[in-house]
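[1] my questions are about this predicted structure, shown below with the sequence.
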Amino acid sequence: MAYNPEKYREKRERVLGVKKRGMSLNMVMGVVALVIIAGLSVVTVPQAVSYMTTRHLDDVIYRTADHGTWPSRVVVLLESVQGVKSARADSEHTRLVITFDRRIGEPSTFESLMADHGLEVVLLNRVNHRQHQATIKEETELEAL
Amino acid sequence: MLIDTNHFIEIRNLSKQYETGSLAVQAIDHMDFHIDDQEFVTIMGQSGSGKSTLLSTLGALNRPSSGQVLVDSLDVYALSTEQRADFRSEYIGFIFQSFQLIPYLTVFENVKLPMSVTRIKNQEQDRMATEVIKRVGLTEKAFRLPDQLSGGEQERVAIARAIVNKPPIILADEPTGNLDSSTAHDIMALLQSLNADGHTIIVVTHNQQMSAYAKRTIHVSDGRCV
């Protein structure tokens, strides 16, 4: 019978490795590596993103000299100052936490604005924002116990 | 690894030289021939003419000193060792003169053996083994051990084992060498019917009577086609 190269094409492809039989060791190793990388990414990527976006931030914590509450219009004004990411009073409105980019903003700017509105304030603390967040988290966990 | 050819099997300028001590033996000496798909060919020659060396070279078992063995456009000896093992599994069924059955395995288990390195499921292996055992007429003796069979029956087991993976090529080295004349003719008739089923059969023999079953005979003498 005349030779027809198509007749045994599948056999030829299996011999040459064109038609794969199951998964090769390389492919299995590749899949395992991908799973490990994906798993690590789920854990590390959000932390890395969070670090990149918050690494220049500081928190300053103020209270009013008379232990009074914070006027909301001043809080709104402070939020509009360049470099300020947020300004929020705590749950009892006795302390104000201003989160700002230390490359742009300065506590002295906030203090002069507050003085312009007749507010006498006391700086309680200045702390790295990430460190502050971690402390708050620890305190919340301790309170829950 | 893929070579243009017009023939299913093509031997190009094939030579094989053995070193035995200080002697160099030219077992195959610049052979050229071809075998077409579904041919039944006997390779005839006297003892020491190089016909068994030629058969093992055709079966990807014996690397030639020079030349090419092309099967289905594949340059067999340009393949990697792993590819050549796959080639043997896909294309070749071997039948040996001494049967080479495993003595402690039953007929059924011996026939299943070549499938143990494939990914065929066990149930399908059982079905295929049963089918080829029936094909060679040994259904009643499927669970006997080789030494409980006659020489002709053992040869049939060897044939069943050779065809169970459905290889397109069957290579038989003196398949009737250990059989009486009547059984030998039965075996050749069986090979003839396998050829009719579509297998390409290549039989090495020194028996002129056996070559009558083939469509063509290649005569080998001193490592050359004559």
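    Sure, I can see it. Numbers count the residues shown, from 1 in each chain, chains lettered A, B, ... in the order given.
[2] which parts of chain B are helices?
    Taking DSSP state H, the helices of chain B run over residues B:51-58, B:81-91, B:107-112, B:122-135, B:151-163, B:181-196.
[3] no, scratch that, I was asking about chain A
    A:9-16, A:25-54, A:72-79, A:107-116, A:129-144.
[4] one step back: closest to chain A out of the helices of chain B?
    Of all these, it is helix B:81-91 that lies closest to chain A, at 4.3 Å by C-beta to the nearest C-beta. Every C-beta, even on glycine, is put in place using the N, C-alpha and C of the backbone.
[5] buried sites along the closest one?
    B:83-84, B:86-91 (16 or more other C-beta atoms under 10 Å in any protein chain shown).
[6] widest-spaced pair of those residues?
    Using C-beta to C-beta, the buried residues of helix B:81-91 span at most 11.5 Å, a distance reached by B:Gln83 and B:Tyr91.
[7] so which of the helices of chain A is the most surrounded?
    helix A:9-16 (a mean of 18; mean count of other C-beta atoms under 10 Å in any protein chain shown).
[8] avg pLDDT for that one?
    For helix A:9-16, the mean pLDDT works out to 88.
[9] residues in contact with that helix?
    A:5, A:19, A:21, B:1-2, B:72-74, B:79, B:83, B:86-87, B:90-91, B:168 (C-beta atoms under 8 Å, 6 or more residues apart in numbering or on different chains).
[10] residue contacts, A:Arg55?
    A:Arg130.
[11] the residue most central in space within chain B and chain A, how far apart?
    For chain B, B:Leu171 is the residue whose C-alpha lies nearest the centre (C-alpha atoms, centre = their mean; 1.4 Å). Per C-beta to the nearest C-beta, to the nearest Å, B:Leu171 is found 16 Å from chain A.
[12] so for that residue, what's the pLDDT?
    The score at B:Leu171 is 94. That number is its pLDDT.
[13] that one against B:Phe96, yeah?
    No. The criterion here is C-beta atoms under 8 Å, and B:Leu171 misses it with B:Phe96 at 9.4 Å.
[14] and the gap between the residue nearest the centre of chain A and A:Arg88?
    With distances taken as C-alpha atoms, centre = their mean, A:Ser50 lies nearest the centre of chain A, 2.0 Å away. With distances taken as C-beta to C-beta, to the nearest Å, A:Ser50 is found 19 Å from A:Arg88.
[15] and what of B:Ile9?
    On the measure of C-beta to C-beta, B:Ile9 and A:Arg88 end up 85 Å apart.
[16] tell me which of these two has more neighbours.
    B:Ile9 (24 against 15; other C-beta atoms under 10 Å in any protein chain shown).
[17] run a quick neighbour tally on the residue nearest to the more buried one when sequence neighbours are not counted.
    Leaving aside its sequence neighbours, B:Ile9 sits nearest to B:Ile35 (C-beta to C-beta, 6 or more residues apart in numbering or on different chains; 4.1 Å). Counted with other C-beta under 10 Å, residues neighbouring B:Ile35 total 23.
[18] which residues does B:Ile169 bridge with?
    For B:Ile169, the beta-bridge partners are B:Ile92, B:Thr200 (DSSP bridges).
[19] wait, it touches B:Glu90, no?
    No. Here B:Ile169 lies out of contact with B:Glu90, judged by C-beta under 8 Å, at a distance of 9.8 Å.
[20] low-confidence ranges in the chain?
    Just going to use chain A. Applying pLDDT under 70 to chain A picks out residues A:18-23, A:91.
[21] actually it's chain B I care about, not the one you picked
    By pLDDT under 70, chain B contains no weakly predicted segment.
[22] around chain A, pick out the residues from it.
    Chain B comes close to chain A at residues B:1-2, B:5-8, B:36-39, B:72-74, B:79, B:83, B:86-87, B:90-91, B:119, B:168, as judged by C-beta under 8 Å from any C-beta of the partner chain.
[23] and B:Ala214, how many neighbours?
    B:Ala214 has 22 neighbouring residues, counting by other C-beta under 10 Å.
[24] and it, how far is that from B:Thr200?
    B:Ala214 is 11 Å from B:Thr200, by C-beta to C-beta.
[25] what do the two both touch?
    Common neighbours of B:Ala214 and B:Thr200 (C-beta under 8 Å, 6+ apart) are B:40-41.
[26] okay if I get the buried residues of helix B:81-91 as JSON lines plus distance to A:Arg12?
    As requested, these are arranged in JSON lines below (distance: C-beta to C-beta, whole Å):
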{"residue": "B:Gln83", "distance to A:Arg12": "11"}
{"residue": "B:Arg84", "distance to A:Arg12": "13"}
{"residue": "B:Asp86", "distance to A:Arg12": "10"}
{"residue": "B:Phe87", "distance to A:Arg12": "9"}
{"residue": "B:Arg88", "distance to A:Arg12": "14"}
{"residue": "B:Ser89", "distance to A:Arg12": "13"}
{"residue": "B:Glu90", "distance to A:Arg12": "8"}
{"residue": "B:Tyr91", "distance to A:Arg12": "9"}
